[in-house]
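S.K.: Pasted the sequence and its predicted model underneath.
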Amino acid sequence: MNPDKYTFTKEELEILSRAYLDCRLTKLQEKELEIVLLSCSFSSPVIDEARETMAASTTLSSPAPRRRVKPFTAVRWMRWGAAAACFSLVATFAVRMNHGAPACADSSMAVVVYVDGQRLSGEQAMRRAMETQSSCMAMLEKTVSSARAVEMESMKILNQTIE
Amino acid sequence: MKRILAITLLLVFAAGVCFAASPRLACQQLLERKDIRTKGHDVIVVNSPGNYFRSVEAESDAKLLKEVRKAFEQDRKLAFNSVDRFDGSEEQEYSILNVKQNGYVVNIGFYWNDETGYVRLFIQADPAAFK
């Protein structure tokens, strides 16, 4: 069957269409018949059914449109870089917000006190916090000032010895 | 493949940024731990304008003492000034560190007694030092 050499009659095309529908044609013959049916104007129930089946099978067998793979160009790298920069900025902001000193929403004092695993509240907590901080800062002052005093004394003795 | 590689690189980069964005003191981290608010420990947090103070004190806790010492020695590397003192009458040892953070001086105090297991750690600075 060569569509270029033959001119088919309607009856011949009906026979071939039936053979097509019964799957009795080879792949090559099927393709040739497809070309013939597309280029001729004959119409009959069998020929039209064959045309419809061909259209359906062509649609089913046609490969899925291939995804265009974009080359990883400098522009794409720049886009990724910009995304990374934005992400890191957001991450840094989030980390900075979550860490560090607890937020002191208003200008008042926020106090949290736990004694033996029990949380104190109100005046009791405030008193305890103030006492502890005062005692710590006093110890700090005492430690630093006594160290300075010893250092000064040592330097004085050193200078006297040199003289 | 390239996309997976890019995403991986992005995640690694973000993790690095998160890690680098929090140069926090070891003592501060220890004091912020919720598990130190247990029996035998006194935990104080004061946050007011111009003053941020945190402390933990235990009369006898060798485990906490060990942890505090480790954190304190880590922060010592960052300190621009330190004072160490032993008080023979009280048999207590005192160490003070001054660390500069965000342009503010952070005071870290550590008092302890190895025999009794007494430990007190505190940190004090302007709240802006921790932001």
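M.R.: Nice, thanks for sending it over.
S.K.: from here on, contacts and neighbour counts on C-alpha atoms
M.R.: Fine.
S.K.: Okay, the residue nearest in space to the middle of chain B and B:Gln124: tell me how far apart.
M.R.: In chain B, the residue lying closest to the centroid (C-alpha atoms, centre = their mean) is B:Cys27, at 1.0 Å. Going from B:Cys27 to B:Gln124 by C-alpha to C-alpha, to the nearest Å gives 11 Å.
S.K.: before we move on, what about B:Arg24?
M.R.: B:Arg24 is 14 Å from B:Gln124, by C-alpha to C-alpha.
S.K.: Next secondary structure element downstream of the longest strand seen in chain A?
M.R.: Ranked by residue count and defined by DSSP state E, the top strand of chain A is strand A:110-115. Sequence-wise, the next helix or strand downstream of strand A:110-115 (DSSP states H and E) is strand A:118-120.
S.K.: Could I get the buried residue list for that next one?
M.R.: A:Leu120 (16 or more other C-alpha atoms under 10 Å in any protein chain shown).
S.K.: same deal with stretch B:53-71?
M.R.: Buried-residue list, stretch B:53-71, by 16+ other C-alpha under 10 Å: B:53-58, B:60-62, B:64-65, B:68-69, B:71.
S.K.: Farthest-apart pair in those residues, please.
M.R.: B:Phe53 and B:Ala62 (23.5 Å; C-alpha to C-alpha).
S.K.: Neighbour count for B:Arg24 and B:Gln124, which is higher?
M.R.: Comparing B:Arg24 with B:Gln124 by other C-alpha atoms under 10 Å in any protein chain shown, the one with more neighbours is B:Gln124, at 23 against 16.
S.K.: Now that one: closest residue in space that isn't a chain neighbour?
M.R.: Distances taken as C-alpha to C-alpha, 6 or more residues apart in numbering or on different chains put B:Phe53 closest to B:Gln124, at 4.5 Å, once the chain neighbours are dropped.
S.K.: just B:Gly50 next, same as before
M.R.: B:Asp126 (4.8 Å).
S.K.: longest helix in chain A, by residue count?
M.R.: Of all the segments of type helix in chain A, defined by DSSP state H, the longest one is helix A:122-162.
S.K.: now for that one, which elements pack on it?
M.R.: strand A:110-115, strand B:41-48, strand B:79-87, strand B:92-101 (3 or more C-alpha pairs under 8 Å, 6 or more residues apart in numbering or on different chains; DSSP states H and E).
S.K.: Flag every buried residue along the host helix or strand of A:Leu28.
M.R.: Using DSSP H and E, A:Leu28 falls within helix A:27-39. Judged by neighbour count using 16+ other C-alpha under 10 Å, the buried positions of helix A:27-39 are A:Glu30, A:Glu32, A:Leu33, A:Glu34, A:Val36, A:Leu37.
S.K.: For the helix or strand hosting B:Ile123, what is the distance to the chain centroid?
M.R.: Element membership of B:Ile123 [criterion: DSSP H and E] is strand B:118-125. How far strand B:118-125 lies from its chain's middle: 8 Å, per C-alpha atoms, centre = their mean, to the nearest Å.
S.K.: List the contacts of it.
M.R.: By C-alpha atoms under 8 Å, 6 or more residues apart in numbering or on different chains, the residues outside strand B:118-125 that reach it are A:136, B:27-28, B:31, B:50-62, B:64-65, B:68, B:104-113.
S.K.: Mutual contacts of B:Cys27 and B:Gln124, please.
M.R.: B:Ile108.
S.K.: just checking, the residue nearest to the centre of chain B touches B:Arg76?
M.R.: No - look at B:Cys27 against B:Arg76 with C-alpha atoms under 8 Å: they stay out of range, at 10.1 Å.
S.K.: for chain A, which spans come out with low pLDDT?
M.R.: A:1-6, A:58-72, A:93-107 (pLDDT under 70).
S.K.: re the thing from before, so who does the residue nearest to the centre of chain B touch?
M.R.: B:Cys27 neighbours (C-alpha under 8 Å, 6+ apart): B:Val68, B:Ala71, B:Phe72, B:Asp75, B:Ile108, B:Ile123.
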